[in-house]
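Participant: The amino acid sequence is not available; the structure is as follows:
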Ligand SMILES: [Zn+2]
């Protein structure tokens, strides 16, 4: 017979049977329905089960098999992996069989749901227990588009600069480029458009906003002795940006649920939370892990830019000395303030020691320093610009 002649009534299902009369007691063959019977046929023999009184059951691995038995033939079982057999008119048209079919279907659904929930719980347990929180946060951050970070950073920068005295001086900008150009040339991560701004502020400080705005205080530029020191600070700040530490900071505090949703592909909740809390991106208190990462990645940026990383170490030493001076300047009543400074910079000494080790164990130093800037002249220009008409509070 050709296949077109196979009506659904005639359909054959691949299957197997267990029965003592079969050679080996078992055989593989085909199942079909004929009249009021389920018939199994194979080269080893034939098995016939009456539809009246036929029992259906699921079994095998993951309940993948359907078993047919009959009380009058206790030693006989016919089975198939083809679940389409449940839709055969012989099953659907025989009420007791249709009822058993419905039960099987329910069991299968419940079974699948149960399996999925167990799998889900296992995934969560693995995420919570095996993988570290920082890995999880990094995965969630990967769901935040770089463009989101850049526009959030732009907004923050605008807001922030309205209350700062921005140094706008073409000569200073041109000289600063002699530091930033070689540094940027060593950075292969091209996702962020870096901009460098100087604000007139005596505090020894520099920071970066998510998305690529890097800000230097005049206090830092004047405290530095060499251009490679400034390059070291900038490399560190840039590494905070490329490491997405601002976003990761917020995600770490955004809560497990939002982070989990972002990891499994729905970042909308996380993005909404970030938009609501973008001011937190200004919180520049990073964990020691982030600081260490920024030191190490920044170090690599310096090396690939042909800049001596010794400047980074040297500047952290300057910073430590300045912190010490600040502490000594404090009146007796300033103990709380002093403690605050100490606790926000707990790692300066440890960091210097670590970077010095790195310096001593590195390979041969770069042949030439790519920075060509007379730093003493640069500082004179910066100093001259302070309190000049070029330095004014930015409008808008
Ligand atoms: Zn830092």
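Facilitator: Here it is on my side, so go on. None of the values given here were measured: they were computed from a predicted structure.
Participant: average model confidence for the strand or helix carrying residue 113?
Facilitator: Assigned by DSSP states H and E, residue 113 belongs to helix 95-125. Across helix 95-125, the average pLDDT comes to 76.
Participant: for it, which positions count as buried?
Facilitator: For helix 95-125, burial by neighbour count (16 or more other Cβ atoms under 10 Å) applies to 97, 100, 101, 104, 108. No exception for glycine: its C-beta is placed from N, CA and C like everyone else's.
Participant: what residues are up against the second one?
Facilitator: When you say that, I think you mean residue 100. 55, 56 (Cβ atoms under 8 Å, 6 or more residues apart in numbering).
Participant: Now do it against the ion, distance only.
Facilitator: 68 Å (Cβ to the ion, to the nearest Å).
Participant: Moving C-terminal from the helix holding residue 113, which element do we reach first?
Facilitator: Sequence order places helix 133-142 as the next helix or strand after helix 95-125, per DSSP H and E.
Participant: packing partners for the following helix or strand past that following helix?
Facilitator: Next in sequence after helix 133-142, counting helices and strands by DSSP H and E, comes helix 146-161. Packing partners of helix 146-161 (3 or more Cβ pairs under 8 Å, 6 or more residues apart in numbering; DSSP states H and E): strand 195-199, strand 213-217, helix 268-276.
Participant: Now do the helix or strand following the longest one against helix 133-142, angle only.
Facilitator: On the C-terminal side of helix 268-276, the closest following helix or strand by DSSP H and E is helix 288-304. Here helix 288-304 points in a direction 60 degrees away from that of helix 133-142 (axes from the mean of the first three to the mean of the last three Cα atoms, to 10 degrees).
Participant: State the mean pLDDT of the helix or strand that contains residue 172.
Facilitator: Residue 172 belongs to helix 170-185 when elements are defined using DSSP H and E. The average pLDDT within helix 170-185 is 95.
Participant: tell me the secondary structure for residue 32?
Facilitator: strand (DSSP: H, G, I helix; E, B strand; the rest coil).
Participant: my read: it touches residue 48, true?
Facilitator: No: the pair residue 32 / residue 48 is not scored as a contact, 11.1 Å apart, by Cβ atoms under 8 Å.
Participant: overlap in contacts of the two?
Facilitator: What both residue 32 and residue 48 touch, as defined by Cβ under 8 Å, 6+ apart, is the set 38, 39.
Participant: Neighbour count: the two, which is higher?
Facilitator: Higher neighbour count among residue 32 and residue 48: residue 32, with 19 against 14, using other Cβ atoms under 10 Å.
Participant: Flag every residue of the chain that's near the ion.
Facilitator: Counting by Cβ under 5 Å from the ion, the residues of the chain close to the ion are 291, 294.
Participant: Can you pull the domain assignment for the chain?
Facilitator: Here the domain assignment for the chain is 3-110, 133-393, based on automatic domain parsing.
Participant: which of those domains is buried the deepest?
Facilitator: Among the domains of the chain, ranked by average contacts under mean count of other Cβ atoms under 10 Å, first place goes to domain 133-393 (a mean of 17).
Participant: Could you give the separation of it from the chain centroid?
Facilitator: In this view, domain 133-393 has its centroid 22 Å away from the chain centroid, taken as Cα atoms, centre = their mean, to the nearest Å.
Participant: Stretch 67-74 now?
Facilitator: 55 Å.
Participant: re earlier: tell me which strands and helices the helix holding residue 172 is in contact with?
Facilitator: By 3+ Cβ pairs under 8 Å, 6+ apart, helix 170-185 packs against strand 195-199, helix 227-242, helix 375-385.
Participant: between it and strand 213-217, how big is the angle?
Facilitator: Using the same axes, to 10 degrees: helix 170-185 against strand 213-217 is 130 degrees.
Participant: give me phi/psi at the closest residue to residue 302 other than its chain neighbours?
Facilitator: The shortest distance from residue 302 to any non-neighbouring residue, by Cβ to Cβ, 6 or more residues apart in numbering, is to residue 309 (4.5 Å). When read as degrees, to the nearest 10, the backbone of residue 309 gives phi -70, psi -10.
Participant: Return the residues in contact with residue 309.
Facilitator: Residue 309 sits next to 228, 232, 299, 302, 303, 355, 358, 359, 362 when contact means Cβ under 8 Å, 6+ apart.
Participant: any chance of the residues you listed in CSV, with pLDDT and distance to residue 88 too?
Facilitator: Shown next, in CSV, are the contacts of residue 309 (pLDDT from 0 to 100; distance: Cβ to Cβ, whole Å):
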residue, pLDDT, distance to residue 88
228, 94, 81
232, 95, 77
299, 94, 71
302, 94, 74
303, 91, 72
355, 91, 75
358, 89, 73
359, 87, 79
362, 72, 75
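Participant: ok, of those, which one's closest to the ion?
Facilitator: The ion lies nearest to residue 232 out of the contacts of residue 309, by Cβ to the ion, at 11.6 Å.
Participant: How about that closest one: what's its closest non-neighbour residue?
Facilitator: Distances taken as Cβ to Cβ, 6+ apart place residue 312 nearest to residue 232, at 2.9 Å, with adjacent residues excluded.
Participant: neighbouring contacts of the helix or strand where that neighbour lies?
Facilitator: Here residue 312, judged by DSSP H and E, is contained in helix 310-329. Contact with helix 310-329 is made by 204, 223-233, 235-236, 295, 298-299, 302, 338, 341-342, 345, 348-349, 351-352, 355-356, 359, 365, as judged by Cβ under 8 Å, 6+ apart.
Participant: With stretch 45-53 instead?
Facilitator: 17, 19, 21-23, 27, 33, 36-40, 68-73, 76, 78, 90, 94, 96-97.
Participant: ok, now with 10 Å
Facilitator: 15-19, 21-23, 27, 29, 31, 33-41, 55, 68-73, 76-78, 90-91, 93-94, 96-97 (Cβ atoms under 10 Å, 6 or more residues apart in numbering).
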